[in-house]
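1. Structure for the following, please:
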Amino acid sequence: MGDQADGLRRLFGTQAVTLTVAARETDLIDAYARIKRIAREQNCGCFRIAVTHARSEEEARTVFDNLQRVAREYLGVRLEYADIPLP
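-> Here you go, the predicted model:
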């Protein structure tokens, strides 16, 4: 059954894992480590990232763009921006 399940995952892809990341340096480092671990352990190649604690939408987008670039370059995974309204 494992071979069939692996084949189906490759055929249909895996669902994106959603992570919430605060716009703080230590939280970004932790998020990168979490993405790396999940990508390797669960063979996941797609993540939805919600950025919290940003001072503005522009800051949230910049934080996401930087994380996306590093994750794509070093881990080969895709990140999607999860747009959440700022308070």
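2. CA only for contacts and neighbour counts going forward, please
-> OK.
3. give me the low-pLDDT residue ranges for this structure?
-> 1-14, 85-87 (pLDDT under 70).
4. mind listing the helices for it?
-> 2-12, 25-42, 57-75 (DSSP state H).
5. could those helices go into JSON lines alongside distance to residue 50?
-> Converted to JSON lines, the helices of the chain look like this (distance: least, Cα to Cα, whole Å):
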{"stretch": "helix 2-12", "distance to residue 50": "24"}
{"stretch": "helix 25-42", "distance to residue 50": "11"}
{"stretch": "helix 57-75", "distance to residue 50": "8"}
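6. could I get those as TSV with mean neighbour count and distance to residue 82?
-> Formatted as TSV, the helices of the chain follow (neighbours: other Cα atoms under 10 Å; distance: least, Cα to Cα, whole Å):
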stretch	mean neighbour count	distance to residue 82
helix 2-12	10	22
helix 25-42	14	15
helix 57-75	15	9
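7. Surely residue 51 and residue 23 touch.
-> Yes. Using Cα atoms under 8 Å, residue 51 is in contact with residue 23, at 6.3 Å.
8. Looking at the helices of the chain, spot the one closest to residue 18.
-> helix 25-42 (10.1 Å; Cα to Cα).
9. Show me what that closest one is packed against.
-> Other elements packing on helix 25-42 under the criterion 3 or more Cα pairs under 8 Å, 6 or more residues apart in numbering; DSSP states H and E are strand 17-22, helix 57-75.
10. Show me what it is in contact with.
-> Outside helix 25-42, the residues that touch it by Cα atoms under 8 Å, 6 or more residues apart in numbering are 19, 21, 22, 44, 45, 47, 67, 71, 75, 77.
11. among these, which ones are buried?
-> Buried by 16 or more other Cα atoms under 10 Å: 21, 22, 44, 45, 47, 67, 71, 77, out of the contacts of helix 25-42.
12. what's near enough to touch the first one?
-> Meaning residue 21. 27, 28, 31, 49, 50, 51, 52.
13. ok, the fourth one to residue 33 distance?
-> So that's residue 49. 14 Å (Cα to Cα, to the nearest Å).
14. same question, the first one
-> Distance check for residue 27 against residue 33: by Cα to Cα, it reads 10 Å.
15. All good on my end, thank you.
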